[in-house]
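[1] Show me how the following folds:
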Amino acid sequence: MLVPRQPVPALTVETVAAGPFDLSEDDADFATLVVFYRGLHCPICATYLKELGRLGPDLAEKGVKTIAISSDGRDRAVQMAEKVGYPDLRFGHGLPLTVARDWGLYISTSRGTTSIGIEEPALFSEPGVFLVRPDGTLYFASVQTMPFVRPHFQEMIGALEFVQKNGYPARGEYTGAV
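    Residues are numbered from 1 along each chain as shown. Reported below is the predicted structural model:
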């Protein structure tokens, strides 16, 4: 289990158009927003990532860099990037499922062809959203077992205003006896 204020696992992937991505070298002012998505087969992911792309400039104003990552191969990631249509949004691909598991993501098995006619991979990770501070520690995490009900990026922007203005610490860091 990842713990706020503690280091997150290493994360390096190739991207569609921005070269190699290494979280430890991303150098965001406040945090890097890592959005793990299910893959090209997921229409909900495409809608969600369009919202991320649309709000990318607002997040950047708050010192947040963004990246969307899946276990899809390069060809499928390119197709998703084209479908989403925001060239400034980085798309990482080829996420090893062992790394997905290190991040606490749930892994699903294929159910065949989706409602949009795209075959699901044999195995893929379910969604997760993480804010990682420049020192490599976890600030915020949300992990789902399904493609539904994910954090809203517009709400996150409002929360970032409060967090930054008030120096609000990452919460959920206690790991002792209860």
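
[2] what stretches of this protein score poorly on pLDDT?
    Across the chain, nothing is flagged by pLDDT under 70.

[3] Can you tell me the closest non-neighbouring residue to the residue nearest to the spatial centre of the chain?
    Against the mean C-alpha coordinate of the chain, by C-alpha atoms, centre = their mean, the closest residue is Val35 at 1.0 Å. Distances taken as C-beta to C-beta, 6 or more residues apart in numbering place Ala68 nearest to Val35, at 4.8 Å, with adjacent residues excluded. (Glycine included, C-beta is placed from N, CA and C.)

[4] Am I right that Ala68 sits in a strand?
    Yes: according to DSSP: H, G, I helix; E, B strand; the rest coil, Ala68 belongs to a strand.

[5] where does Arg101 land in three-state SS?
    Using three-state DSSP, the structure places Arg101 in helix.

[6] go on, Asp135?
    Look at Asp135: counting by three-state DSSP, its state is coil.

[7] Next: Phe130.
    Applying three-state DSSP: Phe130 is strand.

[8] who's in contact with it?
    Phe130 makes contact with Leu2, Val8, Leu33, Val34, Phe36, Trp103, Leu138, Phe140, Ala141, Ser142, according to C-beta atoms under 8 Å, 6 or more residues apart in numbering.

[9] Apply 10 Å and report the result again.
    2, 8, 11, 23, 31-36, 103-105, 138-143 (C-beta atoms under 10 Å, 6 or more residues apart in numbering).

[10] cool, and Met1?
    Gly104, Ala141, Val143, Thr175.

[11] just checking, which of those residues belong to helices?
    Using DSSP state H, no member of those sits in helices.

[12] who wins for most neighbours among the residues you listed?
    The most neighbours of any of the contacts of Met1, using other C-beta atoms under 10 Å, belong to Ala141, which has 21 neighbours.
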